[in-house]
Every structure is written in C-alpha cells, then in structure tokens.
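Enquirer: kindly return the folded structure for what I paste below:
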Amino acid sequence: MIHELKILPEYFEAVTDGTKRFELRKDDRGFAVGDEIVLKEWNGAEYTGRSVKKQISYILKNYTGLAEGYAVLSLKD
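Expert: Alright, predicted model coming up:
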C-alpha cells in the first residue's frame with residue numbers, strides 16, 4: 001500500500017538528507033511494515049511540489065510514553 005502524507009519543510013529536509021529516519025504519525029491509516037509513504041512537502045498553505053518516497057521498515061506503537069493511537073514509523077529508502 002502507498003500512503004501520501006503532508007510534511008512541513010523543516011522535517012522534509014531532515015528526511016531527504018537522511019538525518020530523520022522516522023515519522024511520528026496518528027495510526028489511522030492501517031500502516032504496515034513494507035508499505036510505502038510518499039511525503040509531500042507542505043508549507044502550511046500549499047504543496048511545494050517536492051516529495052520523497054520511503055518504505056516502512058518497523059512500526060512502534062502501544063509503547064509507554066507514546067500517546068494512544070500514535071505510531072513511530074521507521075523509514076528506509
């Protein structure tokens with residue numbers, strides 16, 4: 001499955017340069033290991049036209065300290 005998601009410019013840069021290899025997201029889309037996510041840069045008013053595709057390699061949820069209904073998605077190229 002492919003999930004298309006908005007991402008703010010400061011986070012988009014960190015994902016594209018490899019500094020940020022995870023996403024914290026509301027777990028409302030049925031994310032699964034092996035799914036792809038397309039992160040589309042959103043400046044708060046519109047899409048910038050830039051995007052990056054990553055694959056979900058691990059999902060952390062139902063963990064102490066993580067808000068209920070949220071998941072940390074580990075990303076790989």
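
Enquirer: which residue is nearest the centroid of the chain?
Expert: Nearest residue to the geometric centre of the chain (Cα atoms, centre = their mean): residue 23, 3.9 Å.

Enquirer: tell me how far that one lies from residue 33.
Expert: 14 Å (Cβ to Cβ, to the nearest Å). All C-beta spots, glycine's among them, are computed from the backbone N, C-alpha and C.

Enquirer: and the host helix or strand of the residue nearest to the centre of the chain, what does it pack against?
Expert: Using DSSP states H and E, residue 23 sits within strand 22-26. Using 3 or more Cβ pairs under 8 Å, 6 or more residues apart in numbering; DSSP states H and E, the elements in contact with strand 22-26 are strand 2-7, strand 70-76.

Enquirer: single out the most deeply packed of those.
Expert: For these, the largest average neighbour count (mean count of other Cβ atoms under 10 Å) is found in strand 70-76, namely a mean of 17.

Enquirer: and the helices and strands packed on strand 22-26 as TSV, adding mean pLDDT?
Expert: Below are the helices and strands packed on strand 22-26 laid out as TSV (pLDDT from 0 to 100):
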stretch	mean pLDDT
strand 2-7	98
strand 70-76	98
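
Enquirer: out of the ones you listed, which comes closest to residue 27?
Expert: strand 70-76 (4.1 Å; Cβ to Cβ).

Enquirer: next, the angle strand 2-7 makes with that closest one.
Expert: Angle, strand 70-76 to strand 2-7, by axes from the mean of the first three to the mean of the last three Cα atoms, to 10 degrees: 110 degrees.

Enquirer: what angle do strand 22-26 and strand 70-76 make with each other?
Expert: Strand 70-76 runs at 150 degrees relative to strand 22-26, counting by the same axes, to 10 degrees.

Enquirer: and strand 70-76, what does it pack onto?
Expert: Here strand 70-76 touches strand 22-26, strand 47-61, going by 3+ Cβ pairs under 8 Å, 6+ apart.
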